[in-house]
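Asks: Below are the sequence and a predicted model; questions follow.
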Amino acid sequence: MTASDQARHASMMERFRQRVTTRAPVLFAMREAVGLGLAAVRAYKLRAGLTILGVVMGVMTVTGMSSIIAGLNRNVASTIQSMGASVVFIRPFEPGKHVSSEEWRRRKWLSQDEARLIAERCPAVKAVAPMELVPAKVIKHGSDKVQDAQVIGTTPGYETVHEAFVERGRFFSEAEAKSRAPLAVIGIDIADALFTSVDPLGKEIMVDNRRYEIVGVMERKGKILGFSRDNLLLIPLGSFESHPADFNYMVADFIPTSTEKIDDAIEQVREVLRRHRRLRFWQTDTFGIFTQDTFTDLYRRLTGGIYLVMIAISCIGLVVGGVGVMNIMLVSVTERTREIGVRKALGATKRDVRWQFLTEAMTLTGLGGTIGVLVGALVAWAVNLLSPFPAALQPTWVLIAFLSSVGVGLTFGLWPAVKAARLDPIEALRYE
């Protein structure tokens with residue numbers, strides 16, 4: 001570029017600057033104040049960094065924690081949906097319900113007769129899956145073994161109720177379940193652990209010294225909060241008889257004939273259980289019946305508390321950052337007293353000076369908010385990559401966190417800005 005071209009370019013930029021200054025003085029003043037704020041950050045890097053550290057921590061907390069909680073919400077929601085459409089659960093208690101020790105003793109687990117009555121006498125129930133929680137400890141095949149697997153005694157209705165089907169082989173039949181045949185359907189984790197290079201179908205496993213033949217392998221279900229749902233062994237209900245005589249840890253899940261009939265199905269099941277347990281009309285239920293919404297509501301209450309803690313921690317960080325911003329702006333007013341006097345002598349109004357210092361304060365906290373968002377996003381990415389907990393960046397919370405950081409600058413920069421605007425120009429010009 002020649003000298004004449006450079007001069008022409010400089011002339012055009014100057015005319016553009018004058019046009020912007022004339023037509024949009026507020027935007028020009030904001031640009032100038034932001035530039036002064038960034039210049040102050042470059043000139044006093046350590047002081048500015050320590051000042052905005054609290055803002056960075058607060059915004060990082062909001063961004064990172066909201067991403068982790070959002071990821072967990074999605075994961076839990078998909079897991080609850082994967083339990084099967086419109087599944088209703090029968091348990092001794094509803095999740096999250098607090099009961100006395102006396103009430104705990106009165107509660108009973110489900111019996112096989114009750115599961116049979118539900119299937120026979122509830123026309124709104126499409127299928128029921130009784131599930132006996134078997135206290136098995138070790139599953140073996142040869143020298144290989146699996147510990148801490150979930151062993152459940154159930155019926156073929158398990159597939160229909162939970163929409164969890166066999167991927168290889170087959171499920172045991174109703175006749176086999178009634179005869180308590182020594183058959184087993186295993187999850188993919190057990191298949192991978194015990195049969196790494198061979199087909200598990202037709203092979204035998206030992207469940208606490210009781211022999212079972214594998215007839216099927218369930219499809220993969222994945223993990224929830226780090227816990228595998230594929231470390232599972234399903235056997236016919238009642239086929240595991242080596243537990244103590246008083247052992248009766250059985251529950252049941254069922255589905256209605258249609259989503260519109262879910263309330264009817266729940267009432268029919270409640271009536272059957274109350275009649276079988278001979279409960280009077282004034283007595284409360286000795287069982288709990290609830291739907292997937294109960295799990296969702298319970299989880300939302302838990303994460304709601306985490307959100308409150310997150311907001312409290314971020315508020316502390318933002319307040320600390322705001323106090324630092326107020327301190328540095330008060331120091332800046334003192335250091336630039338003569339500059340303020342010159343600006344006022346040249347025609348700057350109190351509003352101009354006040355707006356300048358407010359914009360500088362918001363620039364500082366806005367810079368801290370930007371850094372906090374980036375660090376929080378990096379934390380969420382690392383958690384999603386390196387831990388079993390999922391994370392998903394939430395644009396809404398990112399925007400809230402950034403606007404909060406700018407709002408901190410506006411709030412805590414107000415007093416220094418007012419102090420600067422009130423300076424007498426003559427006294428300010430005499431300041432050394």
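Replies: Great, that's in hand. Numbering: from 1, shown residues only.

Asks: Residue 136: neighbouring residues, count only.
Replies: Applying other Cβ atoms under 10 Å, we find 21 residues neighbouring residue 136. Every C-beta, even on glycine, is put in place using the N, C-alpha and C of the backbone.

Asks: which stretch of helix or strand covers the closest residue to it other than its chain neighbours?
Replies: Once flanking residues are discounted, residue 136 sits nearest to residue 151: 4.1 Å by Cβ to Cβ, 6 or more residues apart in numbering. Residue 151 is part of strand 150-154 when elements are defined by DSSP states H and E.

Asks: how about the residue nearest to residue 136, what does it touch?
Replies: 133, 134, 135, 136, 139, 207, 233, 235, 240 (Cβ atoms under 8 Å, 6 or more residues apart in numbering).

Asks: Tell me the one of those nearest residue 291?
Replies: Closest to residue 291 out of the contacts of residue 151 is residue 133 (20.8 Å), distances taken as Cβ to Cβ.

Asks: For residue 251, see how far away the closest one is.
Replies: Applying Cβ to Cβ, to the nearest Å, the value for residue 133 to residue 251 is 7 Å.

Asks: Next: residue 186.
Replies: Separation of residue 186 from residue 251 (Cβ to Cβ): 21 Å.

Asks: With neighbour numbers in mind, choose between those two.
Replies: Here residue 186 and residue 251 are compared on neighbour count by other Cβ under 10 Å; more neighbours surround residue 186, at 32 against 19.

Asks: if we can go back for a sec, which one among the contacts of residue 151 sits at the bottom for pLDDT?
Replies: Taken together, the contacts of residue 151 show their lowest pLDDT at residue 136, with 70.

Asks: shouldn't that one be in contact with residue 206?
Replies: No: using Cβ atoms under 8 Å, residue 136 is not in contact with residue 206; the gap is 10.1 Å.

Asks: where in the stretch 101-250 of the chain is pLDDT low?
Replies: 101-106, 224-226, 241-248 (pLDDT under 70).

Asks: Tell me where the stretch 201-350 of the chain has helices.
Replies: Remark: helices assigned in the stretch 201-350 of the chain by DSSP state H, counting those that start in this stretch are 262-276, 292-335, 337-345, 350-386.

Asks: Which strands or helices does the last one pack on?
Replies: The one in question is helix 350-386. In this structure, helix 350-386 packs against helix 25-43, helix 45-82, helix 292-335, helix 337-345, helix 395-412, helix 414-421, with contacts taken as 3 or more Cβ pairs under 8 Å, 6 or more residues apart in numbering; DSSP states H and E.

Asks: Quick one, which of those helices gets closest to residue 170.
Replies: Of all the helices and strands packed on helix 350-386, helix 45-82 sits nearest to residue 170, with 21.7 Å by Cβ to Cβ.

Asks: Beyond the closest one, next helix or strand please.
Replies: Scanning forward in sequence from helix 45-82 by DSSP H and E, the next helix or strand is strand 88-91.

Asks: Tell me which strands that following strand pairs with, and in which orientation.
Replies: Applying DSSP bridges to the sheet, strand 88-91 is found paired with strand 250-256 (antiparallel), strand 288-291 (antiparallel).

Asks: Pull out the buried positions in the shortest one.
Replies: Judged by neighbour count using 16 or more other Cβ atoms under 10 Å, the buried positions of strand 288-291 are 288, 289, 290.

Asks: Residues touching that strand, excluding its own?
Replies: 86-95, 97, 262, 266, 269-270.

Asks: mind giving me the domain split of this structure?
Replies: 26-77+299-430, 108-286 (automatic domain parsing).

Asks: just how off-centre is the first one within its chain?
Replies: Centroid displacement of domain 26-77+299-430 relative to its chain, using Cα atoms, centre = their mean, to the nearest Å, is 26 Å.

Asks: how many neighbours does residue 199 have?
Replies: Neighbour tally, residue 199, other Cβ under 10 Å: 12.

Asks: now the contacts of residue 151: which count as buried?
Replies: Burial by neighbour count, judged by 16+ other Cβ under 10 Å, picks out 133, 134, 136, 139, 207, 233, 235, 240 from those.

Asks: Let me see the ranges of the strands in the stretch 151-300 of the chain.
Replies: For the stretch 151-300 of the chain, the strands defined by DSSP state E, counting those that start in this stretch occupy 166-169, 183-186, 204-207, 210-218, 223-224, 227-228, 232-236, 250-256, 288-291.

Asks: what packs against the third one?
Replies: Strand 204-207 makes packing contacts with strand 138-141, strand 183-186, strand 210-218 when contacts are defined by 3+ Cβ pairs under 8 Å, 6+ apart.

Asks: which ones are touching residue 118?
Replies: Per Cβ under 8 Å, 6+ apart, neighbours of residue 118: 125, 128, 252, 254, 269, 272, 273.

Asks: Which of these sits closest to residue 345?
Replies: For the contacts of residue 118, the nearest to residue 345 is residue 254 (84.3 Å; Cβ to Cβ).

Asks: Can you name the residues that contact the closest one?
Replies: Counting by Cβ under 8 Å, 6+ apart, residue 254 has contacts 87-88, 90, 118, 122, 125-129, 161, 265, 269.

Asks: can you list those in CSV and add distance to residue 279?
Replies: Conversion of these to CSV gives the following (distance: Cβ to Cβ, whole Å):
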residue, distance to residue 279
87, 25
88, 19
90, 15
118, 16
122, 17
125, 20
126, 26
127, 25
128, 20
129, 24
161, 26
265, 19
269, 14
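
Asks: So which of the residues you listed is the closest to residue 364?
Replies: Once Cβ to Cβ is applied, the member of the contacts of residue 254 that ends up nearest residue 364 is residue 87, at 53.2 Å.

Asks: Let me know whether that closest one touches residue 253 as I believe.
Replies: Yes: Residue 87 is in contact with residue 253 according to Cβ under 8 Å; the separation is 5.4 Å.

Asks: Find residues that contact each of the two.
Replies: In contact with both residue 87 and residue 253: 161, 162, using Cβ under 8 Å, 6+ apart.

Asks: what's the closest non-adjacent residue to residue 358?
Replies: Using Cβ to Cβ, 6+ apart, the closest residue to residue 358 is residue 417 (4.6 Å).

Asks: just the helices and strands packed on strand 204-207: most buried one?
Replies: Comparing these by mean neighbour count (mean count of other Cβ atoms under 10 Å), strand 183-186 comes out on top with a mean of 26.

Asks: circling back to that earlier point, so for the contacts of strand 288-291, which is the shakiest by pLDDT?
Replies: Among these, residue 97 has the weakest pLDDT, 69.

Asks: ok now the strand holding residue 151, how far from the chain's centre?
Replies: On the basis of Cα atoms, centre = their mean, strand 150-154 sits 29 Å off its chain's mean C-alpha point.
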